[in-house]
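Asks: here is my input; please provide its structure:
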Amino acid sequence: MATLRIAQDPAADRVLSEDPFALLVGMLLDQQFPMERAFAGPAKVLERFGTLDPSAVADADPESFAEICATPPAVHRYGRSMAGRIQALAAVVRDDYGGNAASIWQEAETGAEVVARLKALPGFGEQKARIFAALLGKQLGVRPPGWEEACGAYAEQGSFRSVADVVDADSLQKVRDFKKAAKAAPRDSS
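Replies: The predicted structure is shown next:
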């Protein structure tokens, strides 16, 4: 399996690399929060909760699990709220995919199906689904027919648009710069 370097922390990146559910959770947390800290979140959950097994996470007491996620350093700026989203995601993985997050993409026959399956997950919209599918394709070799078309611009080789392009500290900075420029562009044109 490929070694991801999204969290910029060897232990957190090892969790992402070894556990497909952890990678999904990192993507879920990647909003309104620094990317590398979001993707370090699953390692914090594992350390504090003891497992990232989707059944165990889904079945955890919501208040206790929220406390685990909100304890500083929190897994997200909105740790309690995100705890509920993590549990909702875990329930879908448990109920619809037999507890195996990787089957979401391994059992899909086309790139469009991968994106559709991801988009159906709690906390995943169109853009997040396309970015995650691009991450799978670019860094983990998950490339069913039509994956590039399904991912759109996120699949472009040599781009620095999203987490799909983060392989080291330099590429993380390039993605940050791209996002900053993209956010500034609408204001510059007005």
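Asks: so for stretch 124-136, what gets flagged as buried?
Replies: For stretch 124-136, the neighbour count (16 or more other CB atoms under 10 Å) marks 124, 128-136 as buried. (Glycine included, C-beta is placed from N, CA and C.)
Asks: for the protein, which segments count as strands?
Replies: With DSSP state E, there are no strands along the chain.
Asks: I figured residue 103 hits residue 97, correct?
Replies: Yes. Using CB atoms under 8 Å, residue 103 is in contact with residue 97, at 4.7 Å.
Asks: the two - which one has more neighbours?
Replies: Taking neighbours as other CB atoms under 10 Å, residue 103 and residue 97 compare with residue 97 leading, 19 against 15.
Asks: quick one: contacts for the residue nearest the centre of the chain?
Replies: Centroid-nearest residue in the chain: residue 27, 1.6 Å away (criterion: CA atoms, centre = their mean). Neighbour list for residue 27: 39, 124, 128, 131-132, 135, 163 [criterion: CB atoms under 8 Å, 6 or more residues apart in numbering].
Asks: with residue 28 instead?
Replies: 82, 85-86, 89, 121-124.
Asks: skipping its backbone neighbours, what lies nearest residue 49 in space?
Replies: Leaving out its chain neighbours, the residue that sits closest to residue 49 by CB to CB, 6 or more residues apart in numbering is residue 68, at 5.5 Å.
Asks: burial count for the one you found?
Replies: By other CB under 10 Å, the residues close to residue 68 number 21.
Asks: picking up where we left off before, can I get the contacts of residue 28 in TSV with distance to residue 32 and pLDDT?
Replies: Output for these, formatted as TSV (distance: CB to CB, whole Å; pLDDT from 0 to 100):
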residue	distance to residue 32	pLDDT
82	10	97
85	12	97
86	15	98
89	17	98
121	18	98
122	16	96
123	12	95
124	15	97
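Asks: with respect to residue 107, which of those is nearest?
Replies: The nearest member of those to residue 107, counting by CB to CB, is residue 121 at 14.3 Å.
Asks: wait, doesn't that closest one sit right on residue 91?
Replies: No. Between residue 121 and residue 91 there is no contact under CB under 8 Å: 10.5 Å.
Asks: which one's more surrounded, the two?
Replies: residue 121 (23 against 16).
Asks: ok, the more buried one - contacts?
Replies: 24, 28, 89, 92, 104, 129.
Asks: please name the nearest non-neighbouring residue to residue 70.
Replies: What sits nearest to residue 70 in space, not counting adjacent residues and going by CB to CB, 6+ apart, is residue 79, at 3.5 Å.
Asks: and the one you found, how many neighbours does it have?
Replies: Residue 79 has 22 neighbours, counted by other CB under 10 Å.
Asks: and if you look at residue 89?
Replies: By other CB under 10 Å, the residues close to residue 89 number 23.
Asks: who's in contact with it?
Replies: Residue 89 neighbours (CB under 8 Å, 6+ apart): 24-25, 28, 121-123.
Asks: enumerate every residue touching the residue nearest to residue 70.
Replies: Residue 79 sits next to 66, 69-71 when contact means CB under 8 Å, 6+ apart.
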